[in-house]
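Colleague: please find the sequence and the predicted model below.
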Amino acid sequence: MASNARFWTRRLRWRFAGAWQWPAFAVLTFLDGLLLHLLPPTGRDIGLAPGIILASFGNLLLVGLVAPWLARRLDERASREVILRGGNPVVGRPRPPLEVLLSRTATALLCAGALGLLAAGLGSRPLVVSETEETELNAVLVRDHVNATAPPEVQRNLDTANTLRLGTGFFRTCVSLDDRTQAWCVFVDTNAHPPGVSRDTNPAPNGRYAEDRSPGA
C-alpha cells in the first residue's frame, strides 16, 4: 500500500511539473501580441488583435513542431547517458517522463520567443541621438512628419536623415532619396507653439545647401 501511495504521489508530482506548457502559451501569446502592438519589430504599426493572432501562430509552431522534436532529442540523449563511477557504468539520475520534458521544453521556447520579440522591438525603435532637447524634438517631429506625409521612397530612407542647424531652435533636416545626390527636406521651427514643420522644395542635401549659403559661395 505504501509503495502504491508513493507511486501515485510521484505521478502527481510529475503532472504538476509538466503543467506549465499551456498556461504559459496563453499568457505569453497575449504578451507577445502586446509586444507586437507596442514595439513592432518592423517599425510598422500592428493592432493588438492582429498581433495576438500572429503570436498565436508563431507560438503554436514552437509548441507543436519545435518543442516535440527538441524534447525527443533531449530524451534520447538522457536515455544514453551513463555516469562512470569507479570504472563501472551506472545508470544516471532518474529523468522526467517525456511529457514533462516536452512541457518544460515548450515553456522554455515560449519564454525565449517572448524575449526575442522584446529585443527585436527595442532594437527597431528609432534611435534619436541629441545634444539638446531641441534637436531631439526636431528628430521626433521629422520622423512623425515623414511617416504621415512623405512618399514611400522617403519613408524607406528615413535612417539617412541628417540635420543642419540654421539658428536657435531652427533646423533643416533632409532625408536622402534613392538618388543620393537629391534629398527630401523640411524646415523645423521648435520655437513656435506648437512647433512647425514646413517642406523645403530645394532638393539639395544639407552639405551642398550649407556650401551654397556660405559667404564665399
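Modeller: Great, that's in hand. Numbers count the residues shown, from 1 in each chain.

Colleague: check which helices and strands the lengthiest helix in the chain is in contact with.
Modeller: Ranked by residue count under DSSP state H, the longest helix found in the chain is helix 98-124. Using 3 or more C-beta pairs under 8 Å, 6 or more residues apart in numbering; DSSP states H and E as the contact definition, the elements that helix 98-124 packs against are helix 2-17, helix 21-38, helix 48-61, helix 67-80. Every C-beta, even on glycine, is put in place using the N, C-alpha and C of the backbone.

Colleague: for the second one, buried residues please.
Modeller: Same thing as helix 21-38. Judged by neighbour count using 16 or more other C-beta atoms under 10 Å, the buried positions of helix 21-38 are 21, 24-25, 28-29, 31-33, 35-37.

Colleague: same question, stretch 42-58
Modeller: If you call a residue buried by 16+ other C-beta under 10 Å, then stretch 42-58 has these buried ones: 46, 51-52, 55-56, 58.

Colleague: of all these, which comes closest to Ala183?
Modeller: Each of those was checked against Ala183 using C-beta to C-beta; the closest is Ile46, at 30.0 Å.

Colleague: got the phi and psi for that closest one?
Modeller: Note on Ile46: backbone dihedrals following degrees, to the nearest 10 are phi -130, psi 130.

Colleague: contacts only, for it.
Modeller: Contact criterion C-beta atoms under 8 Å, 6 or more residues apart in numbering gives 36-37, 40, 54 as the residues in contact with Ile46.

Colleague: export those to TSV and tack on pLDDT?
Modeller: Rendered in TSV, the data for the contacts of Ile46 read as follows (pLDDT from 0 to 100):
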residue	pLDDT
Leu36	87
His37	86
Pro40	83
Leu54	90
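
Colleague: which one of those residues is nearest Val186?
Modeller: Within the contacts of Ile46, proximity to Val186 (C-beta to C-beta) peaks at Pro40, which comes in at 24.7 Å.

Colleague: follow-up on the earlier one: any idea which of the helices and strands packed on helix 98-124 scores lowest on pLDDT?
Modeller: Of all these, the segment with the smallest mean pLDDT is helix 2-17, scoring a mean of 50.

Colleague: quick check: domain ranges of this structure?
Modeller: Following the assignment in automatic domain parsing, the chain carries domains at 2-124, 133-213.

Colleague: circling back to that earlier point, closest to Ser176 among the contacts of Ile46?
Modeller: Distance to Ser176, by C-beta to C-beta, is smallest for Pro40 among the contacts of Ile46, at 24.1 Å.

Colleague: and the closest one, which of the three is it?
Modeller: Under the three-state scheme (DSSP: H, G, I helix; E, B strand; the rest coil), the conformation of Pro40 reads as coil.

Colleague: quick revisit: quick one, the longest helix of the chain and helix 67-80 angle?
Modeller: An angle of 130 degrees separates the directions of helix 98-124 and helix 67-80 when computed by axes from the mean of the first three to the mean of the last three C-alpha atoms, to 10 degrees.

Colleague: in CSV, list the buried residues of stretch 42-58 along with distance to Ala139.
Modeller: Shown next, in CSV, are the buried residues of stretch 42-58 (distance: C-beta to C-beta, whole Å):
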residue, distance to Ala139
Ile46, 23
Gly51, 27
Ile52, 32
Ala55, 31
Ser56, 36
Gly58, 32
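
Colleague: all set, thanks.
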